[in-house]
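Asker: Need the 3D shape of this:
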Amino acid sequence: MSDINASSDTGQPVLVADNINRTYKQGDLSVEVLNGLSLQIEAGERIAIIGSSGSGKSTLLHLLGGLDTATSGSISINGQDLKQLNQAARGRLRNESVGFIYQFHHLLPEFTALENVCMPLLIRGDTPAKAKEQAGALLDRVGLSQRHRHKPSELSGGERQRTAVARALVTKPHLVLADEPTGNLDETTAAGVYELMLELNKELGTSFLVVTHDRKLAGRMQRVLTLTGGKLESVG
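Answerer: Purely as a prediction, here's the structure:
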């Protein structure tokens with residue numbers, strides 16, 4: 001592996017990506033997006049990845065979250081190699097161990113905030129009563145105690161994003177992958193989302209890997225990496 005490793009920790013890494021390559025082919029054209037990329041994330045660690053548009057940041061998150069498959073190399077989450085899992089097992093691992101936050105919240109418009117946050121719990125088999133209790137408590141925690149029954153169209157941009165953060169964290173995942181989580185928010189609202197993510201990181205011990213163009217957000221992370229030439233390099 002390369003020298004892009006996490007700070008020392010006695011526990012098992014949450015994620016290990018070793019010598020990842022991802023190439024896309026269209027006819028005779030072959031485009032290499034990631035080239036020998038390696039990364040290790042420890043429990044509770046906060047990492048930011050920055051890079052120019054088209055550098056492969058979103059591709060990397062999709063690979064790390066098991067939404068796409070690397071052309072070569074290995075990715076393990078909590079010691080489980082994604083390539084060794086079938087689609088159903090990979091889906092269960094995502095549901096149990098990984099949360100996703102996107103620039104655009106991707107909430108289901110026909111469901112309330114509470115119902116949206118309940119979804120990951122219901123998918124894993126929790127009873128509706130238990131799911132509502134846990135989802136409601138986390139919505140309260142992110143400052144949306146008065147918004148449980150509101151649909152996304154009835155929420156402000158910041159409220160929608162906080163709902164998305166609650167949905168990502170409701171299963172108490174070991175790792176949250178965030179793709180430009182504040183890119184669609186004004187500065188004040190973005191600052192509130194930053195603080196929320198930092199607080200939940202400290203309280204729940206969740207690791208955060210955040211792709212961002214926002215240098216302020218990147219500066220709040222423990223490590224900042226830049227993605228260039230298909231590989232990660234430490235900043236500073």
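
Asker: alpha carbons only for contacts and neighbour counts from here, please
Answerer: Noted.

Asker: Now do the buried residues in the helix or strand bottoming out on mean pLDDT in the chain.
Answerer: For the chain, counting by mean pLDDT, DSSP states H and E, helix 187-204 ranks last in confidence among helices and strands (a mean of 76). By 16 or more other Cα atoms under 10 Å, the buried positions in helix 187-204 come out as 189-190, 193-194, 196-197, 200-201.

Asker: Also stretch 111-123?
Answerer: Quick answer for stretch 111-123 (16+ other Cα under 10 Å): 112-122.

Asker: got any ranges where the protein has weak pLDDT?
Answerer: For the chain, the stretches flagged by pLDDT under 70 are 1-10, 103-105, 184, 236.

Asker: what's the least confident helix or strand of the chain packed up against?
Answerer: Using 3 or more Cα pairs under 8 Å, 6 or more residues apart in numbering; DSSP states H and E, the elements in contact with helix 187-204 are helix 157-169.

Asker: Tell me which of the buried residues of stretch 111-123 fall in helices.
Answerer: Judged by DSSP state H, these include 113-122 as members of helices.

Asker: Go through the residues you listed and name the one nearest L217.
Answerer: Nearest to L217 out of those is V117 (Cα to Cα; 24.4 Å).

Asker: what's near enough to touch the most centrally placed residue in the chain?
Answerer: What sits nearest the mean C-alpha location of the chain, by Cα atoms, centre = their mean, is L177, with 1.2 Å. L177 makes contact with 61, 65, 98-101, 208-210, according to Cα atoms under 8 Å, 6 or more residues apart in numbering.

Asker: ok so, going back, just put the buried residues of stretch 111-123 in CSV and tack on distance to S76.
Answerer: Below are the buried residues of stretch 111-123 laid out as CSV (distance: Cα to Cα, whole Å):
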residue, distance to S76
T112, 34
A113, 32
L114, 32
E115, 31
N116, 28
V117, 26
C118, 27
M119, 25
P120, 21
L121, 23
L122, 25
